[in-house]
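Participant: got a structure for you, letters missing:
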């Protein structure tokens with residue numbers, strides 16, 4: 001009955017030019033051999049002087065460009081996953097690793113699983129949740145066979161998922177990529193694998209122990225919204241639906257040249273996000289200790305309030321930094337003014353000293369010029385005295 005509803009929905013939506021399907025299991029996927037986009041790869045080391053990378057062919061499986069998957073919230077069984085979230089052809093062909101690129105939108109929690117079979121296999125399936133916990137964080141995990149313990153990575157990524165509303169179109173879709181290679185699972189923003197990484201789960205030890213037949217190759221597409229238990233809508237078109245478009249699964253290159261050519265930029269999505277999440281975990285630990293101390297039930301702090309408080313703190317810090325910078329500028333201006341005055345005073349003192357030196361030098365030079373005249377005058381007076389000039393016998397002009 002569910003497949004019948006899905007096919008019926010496909011017929012109804014195809015009249016608009018876009019086929020909308022509510023289950024990956026009944027969507028149409030095609031397999032081809034495609035050249036990896038050139039911006040994914042680096043020029044070969046054997047040709048360092050060229051900026052043109054060699055073309056690398058890989059097998060791909062993709063959904064039609066006119067098809068949009070509109071997946072309602074999942075029923076909370078088998079971690080929410082069902083066979084309807086998988087398609088038998090949406091899988092890696094080589095078991096050497098895979099790269100998934102897609103566009104998605106939703107109110108919260110875009111879910112992707114990677115499994116050794118076209119269903120969720122406990123202990124062997126990886127799950128990626130974008131926008132988990134009310135669109136506040138991204139989670140990468142693998143449940144252990146006991147169904148309780150998990151190996152996971154959580155990163156605080158507020159509003160990482162955008163929602164299509166009645167007034168918006170494909171502009172609300174965001175591009176994402178997922179890469180699984182030798183037990184290392186990574187997810188990021190954009191269309192270039194390895195760039196703008198949101199988080200990475202290193203499960204390489206388990207990958208070395210698992211058999212080749214247990215390799216995670218099948219892709220599941222789902223919706224693990226928090227309200228899945230109360231707003232599950234088989235007919236689709238719910239505001240809680242997650243929409244997928246442009247889903248393309250690439251096999252990881254099998255040749256050594258192809259493996260080495262894939263660029264791993266490893267650019268973190270905002271180091272501040274990890275710092276925020278670490279702060280939130282610290283806040284949770286404090287709340288647990290308080291609950292244990294006073295014998296009350298532990299309640300996890302509200303992450304939205306925490307984020308808002310941190311945003312306010314950051315805003316106040318920004319204002320304080322701006323005020324400190326303004327005060328520093330004022331002090332710098334005062335220091336410059338004071339330094340200018342000091343320099344002027346020093347220049348004035350130097351000019352006075354120079355003026356005194358010049359005046360003394362000029363007086364010495366004048367004294368040196370007058371000294372011969374004084375000597376001559378003394379000699380003349382002596383000669384004049386000899387002839388009685390100053391005794392009055394002769395008048396000398």
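Facilitator: That came in fine, so what should we check first? Predicted, not measured: the structure shown is a model, and the values here were computed from it.
Participant: in the stretch 201-350 of the chain, which ranges drop under the pLDDT threshold?
Facilitator: Residue ranges of the stretch 201-350 of the chain with pLDDT under 70: 226-239, 255-277, 303-304, 307-308, 311.
Participant: if we go to 80?
Facilitator: 208-213, 226-240, 254-281, 300-318, 329-340 (pLDDT under 80).
Participant: now the stretch 51-200 of the chain
Facilitator: 51-56, 75-79, 147, 163-172.
Participant: what about 50?
Facilitator: For the stretch 51-200 of the chain, the stretches with pLDDT under 50 are 171.
Participant: could you pull out the strands for it?
Facilitator: 57-63, 67-71, 86-91, 98-105, 110-115, 126-131, 137-143, 150-156, 174-181, 184-189, 197-202 (DSSP state E, counting those that start in this stretch).
Participant: Residue 326: which of these is closest?
Facilitator: Closest to residue 326 of the strands of the stretch 51-200 of the chain is strand 150-156 (CB to CB; 31.9 Å). Where you see a C-beta, it was placed from the backbone N, CA and C, and this is true even at glycine.
Participant: Report the inter-axis angle for that closest one versus strand 137-143.
Facilitator: Using axes from the mean of the first three to the mean of the last three CA atoms, to 10 degrees, one finds that strand 150-156 and strand 137-143 are set 170 degrees apart in direction.
Participant: number of nearby residues for residue 114?
Facilitator: 23 (other CB atoms under 10 Å).
Participant: tell me the contacts of it?
Facilitator: Contacts for residue 114 (CB atoms under 8 Å, 6 or more residues apart in numbering) come out as 98, 125-128, 178, 180, 185, 216-220.
Participant: what pairs with it across the strands?
Facilitator: residue 126, residue 219 (DSSP bridges).
Participant: And residue 184, by the same measure?
Facilitator: Assessed by DSSP bridges, residue 184 has beta-bridge partners residue 181, residue 202.
Participant: measure it to residue 200 for me?
Facilitator: 7 Å (CB to CB, to the nearest Å).
Participant: what do you get for residue 192?
Facilitator: 16 Å.
Participant: that older thread, so which of the strands of the stretch 51-200 of the chain gets nearest residue 306?
Facilitator: strand 150-156 (9.6 Å).
Participant: Check the offset of that closest one from the chain's centre.
Facilitator: The chain centroid and the centroid of strand 150-156 are separated by 18 Å, computed with CA atoms, centre = their mean, to the nearest Å.
Participant: now the angle between strand 197-202 and that strand, please.
Facilitator: Interaxial angle, strand 150-156 versus strand 197-202 (the same axes, to 10 degrees): 160 degrees.
Participant: So what are the sheet partners of strand 150-156 and their directions?
Facilitator: Here, using DSSP bridges, strand 150-156 pairs with strand 137-143 (antiparallel).
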